[in-house]
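Colleague: Curious how this folds, go ahead:
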Amino acid sequence: MVARVELQVYPPLSFKMSSKKVGALVLKQEIDQGETLGDLLARLESSDRDAWQQIFDDCTGEMQPVVITILNGTLLSRSVAPRTPLSDGDQVAIRVPYCGG
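Modeller: As a prediction, the model looks like this:
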């Protein structure tokens, strides 16, 4: 059985990943058993370094300081997020804080 997660990357982080400059970028990703969010992001970052370096620092193994990670509706701390194991059907949202109206 193949396990899949949904990764939602919100603007402005999604701008370097797609020619579409509106809305979130939704990626369906296959994961291996025992794979963590950090493993998944490192794999994605290695395939498109420019786009993913703004989110995940593969040298330190941590999320960039401005990045907010939400797993199935629960906010994850920056230090915990990369070590968090993923399961089939998980939904991960990656955002940066913003305000305004």
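Colleague: low pLDDT regions in this structure?
Modeller: In the predicted model of the chain, residues 1, 20-21, 99-101 satisfy pLDDT under 70.
Colleague: which stretches of the chain form helices?
Modeller: 37-47, 49-52 (DSSP state H).
Colleague: Any chance of CSV for these, columns distance to Val67?
Modeller: Every C-beta, even on glycine, is put in place using the N, C-alpha and C of the backbone. Rendered in CSV, the data for the helices of the chain read as follows (distance: least, C-beta to C-beta, whole Å):
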stretch, distance to Val67
helix 37-47, 10
helix 49-52, 11
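Colleague: between the ones you listed, which gets nearest to Asp90?
Modeller: Checking these against Asp90 by C-beta to C-beta gives helix 37-47 as the closest, at 8.7 Å.
Colleague: Among the helices of the chain, pick out the one with the most neighbours on average.
Modeller: Stretch with highest mean neighbour count among the helices of the chain: helix 37-47 (a mean of 18; mean count of other C-beta atoms under 10 Å).
Colleague: Tell me, how many residues neighbour Glu62?
Modeller: 16 (other C-beta atoms under 10 Å).
Colleague: right, I mislabeled it, should have said Arg4
Modeller: 12.
Colleague: Out of the helices of the chain, which gets nearest to Ala81?
Modeller: Closest among the helices of the chain, using C-beta to C-beta: helix 37-47, at 5.6 Å.
Colleague: ok so, going back, nearest to Tyr98, of the helices of the chain?
Modeller: Per C-beta to C-beta, nearest to Tyr98 of the helices of the chain: helix 49-52, 19.3 Å.
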